[in-house]
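In: predicted model, plus sequence, below.
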Amino acid sequence: MSLEERKLNQLREWRGRKDRDLSVQLTLAKLKRSLKRSNTQLLQIAEVWKEEVPELIYEQTHPISLKNGVLEVAVNGSAMSYQLQQLVRGGLLQKLQTQINAPLKKIKVKLLTD
């Protein structure tokens, strides 16, 4: 093969369309990174939650997700839901915001029903 043919083939390789990777590996890697970040944030929230929430309320509440700055907390019973709402109004959100690296805008209380 002559020098010109090799250069032409090399140019075709460089300018040619690359085949897309249609495997699931890239998607799984992105999902894994996202879950790792989310789990790290929830672990940090759980530690601070245990420190800041009174024991009686802590035993009946569980932070379950953090999406777009909204912390969702599962609560057992409407009485605990009310008490948690009172804590949030009393400054719990601000305490969490100062101690957590993740952006936190509000706390959403989700009542668990059996």
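Out: Perfect, thanks for sending it.

In: spatially central residue in this structure, please.
Out: Centroid-nearest residue in the chain: residue 38, 3.0 Å away (criterion: C-alpha atoms, centre = their mean).

In: am I right that it is in a strand?
Out: No - secondary structure of residue 38 (DSSP: H, G, I helix; E, B strand; the rest coil): helix, not part of a strand.

In: what residues are up against it?
Out: Residue 38 makes contact with 65-66, according to C-beta atoms under 8 Å, 6 or more residues apart in numbering. For the C-beta atoms, the positions are set from N, CA and C on the backbone; glycine is no exception.

In: which of the helices and strands in the chain ranks last by mean pLDDT?
Out: Ranked by mean pLDDT, DSSP states H and E, the weakest helix or strand in the chain is helix 25-52, scoring a mean of 82.

In: following element in sequence after that helix, please.
Out: Going down the chain from helix 25-52, the next helix or strand is helix 55-58, by DSSP states H and E.

In: ok, and what's touching that following helix?
Out: 49-50, 80, 83-84, 87.
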